[in-house]
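Peer 1: coordinates for the following, if possible.
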Amino acid sequence: MGKYFGTDGFRGEANKDLTFEHAIKIGRFLGWYYGARENKKAKVVIGKDTRRSSYMFEYALCTGLMASGADAYIMHVTTTPSVAYITRVDDFDCGIMISASHNPYYDNGIKLINGNGEKMDEETILKVEEYIDGKIEIPVSGREEIGRTVDYVAGRNRYTGHLISMSKYSFKNIKVGLDCANGAAWQIAKAVFDALGAKTYVINAEPNGYNINTDCGSTHIEHLQKYVVDNGLDIGFAFDGDADRCLCVDEKGNIVTGDHVLYIYGLYMKERGKLLNNKVVTTVMSNFGLYKALDKVGIEYDKTKVGDKYVYENMVQTGNRLGGEQSGHTIFLKYETTGDGILTALKLMEVMLSKEKPMSELAAPVVFYPQVLKNVRVKSKPDAQNDPDVQAAVAKVTEELGDTGRILVRESGTEPVIRVMVEAGTKEICEKYVDSVIEVIKSKGHLA
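Peer 2: Okay, the predicted model is just below:
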């Protein structure tokens, strides 16, 4: 992880942590880097979400790119997975998405995507950071070498067509609710479901620059739950600000999480002989109930660190075809290189229509275990995590829980805290075991 870029890009409050000067420098470096590497004029495609500051960052990035001789192709308001898709299929040198995902409107972020539609490699990101910090000097282009901007809304339209082509079924007469989080999905999602014949009911699709993720979308799914029930809908889907994640609501108003998606679509793939390696990829934060459900149907699983980046890396290395996070990032590797909320919705519709069963029935085998997670602020994360007495306390909880639950103790990637989480049959059991480990951390003097 770099100085500015984390696992999901350079993110922070607009013009405080992430400034327009940063954006110009990122554009400057990428325009020069890809042009010099390929010995030609670089082509970079840019998308943005609906935050007010996204326009500022879009123009700043374009300025930097053009000053370094690159052509900037602008997709305008679009989703993160659409930028990844178009970067790959239209042979761009790289892609840039301006978004802070599920964060509030005043935050923003810059996500870098390589020519294969994947998250940018660490080596290139570190070079970008060196340029931001003034450790690298690059030339400015002049005369005929100066770049230009190109309106590329055609790329967004082609991505929409790609999504429509993903469906094997007509959605005729199916009542579908869509919560677009006043974000990047606000035009694309409805266009896709309308084209497939659904009776589409849309909420939170009136972005004004300030209302992205505000009391809406996948982080506030309670509104879609009520909307589905009140309007008698068959199913509902909620996206986040850049639409790379999706949570579902069944016809009864119950939440269908990313863990449910892995079970539902993993079983569907297994039944059709499509689940290569007979395995799905989860993160360590997936619920114990998912693993119990997968065990019952004979599906194996890998566990990665938290972050869709690590899920994708596992899939590339192993050939596993389905992976994701409980939060709704689901990767269908046959079709795309990143989590895609709208594609996830289409894939859930496919299972529902193929099996002719309501979503509530498909999701029922995954029974979530109660979970308690507590954060402990410590002086040193490694010292607390590796303390022999703390490890002994964790081992004792693991032994006592057996196959009735689990404990997870991990370091936060962004804060000076240790996260202690237990899943078990009741919340009281969870509380007891979490507190027992925290008491050991406290008694050994690790608290900050």
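
Peer 1: tell me where the model's unsure across the stretch 1-150 of the chain.
Peer 2: The stretch 1-150 of the chain contains residues with pLDDT under 70 at 1.

Peer 1: show me where it has strands.
Peer 2: 5-6, 9-13, 43-48, 71-77, 94-98, 107-114, 149-151 (DSSP state E, counting those that start in this stretch).

Peer 1: state the distance from Asn211 to Ser436.
Peer 2: 43 Å (C-beta to C-beta, to the nearest Å). Yep, even glycine has a C-beta here, placed from its N, CA and C like the rest.

Peer 1: cool, Gln385 as well?
Peer 2: 16 Å.

Peer 1: ok, Ala392 next?
Peer 2: 11 Å.

Peer 1: so which of the two has more stuff around it?
Peer 2: Ser436 (17 against 10; other C-beta atoms under 10 Å).

Peer 1: isn't the more buried one up against Val397?
Peer 2: Yes. If you go by C-beta atoms under 8 Å, Ser436 and Val397 touch, sitting 6.8 Å apart.

Peer 1: for Asp121, which of the strands of the stretch 1-150 of the chain is the nearest?
Peer 2: strand 107-114 (6.4 Å; C-beta to C-beta).

Peer 1: give me the residues contacting the closest one.
Peer 2: For strand 107-114, contacts defined as C-beta atoms under 8 Å, 6 or more residues apart in numbering pick out 5, 8-14, 18, 22-23, 26, 30, 51, 53-54, 57, 61, 80, 83-84, 87, 94-101, 103, 119-121, 124-125, 128.

Peer 1: kindly report the same for stretch 124-133.
Peer 2: 2-5, 22, 25-26, 28-30, 33, 112, 114, 136, 138.

Peer 1: pull the CA atoms of it into CSV?
Peer 2: Output in CSV follows, covering the C-alpha atoms of stretch 124-133 (Å, rounded to 0.1, in the frame of the first residue of the first chain):
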residue,chain,number,x,y,z
THR,A,124,3.2,1.8,-11.5
ILE,A,125,1.3,3.3,-8.6
LEU,A,126,4.5,3.9,-6.6
LYS,A,127,6.0,5.7,-9.6
VAL,A,128,2.9,7.9,-9.7
GLU,A,129,3.4,8.7,-6.0
GLU,A,130,7.1,9.5,-6.6
TYR,A,131,6.1,12.0,-9.3
ILE,A,132,3.5,13.6,-6.9
ASP,A,133,6.2,14.0,-4.3
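
Peer 1: only the buried residues of it, if you could.
Peer 2: Within stretch 124-133, the residues scored as buried using 16 or more other C-beta atoms under 10 Å are Thr124, Ile125, Lys127, Val128, Glu129, Tyr131, Ile132.

Peer 1: tell me the gap between that stretch and the middle of its chain.
Peer 2: 24 Å (C-alpha atoms, centre = their mean, to the nearest Å).
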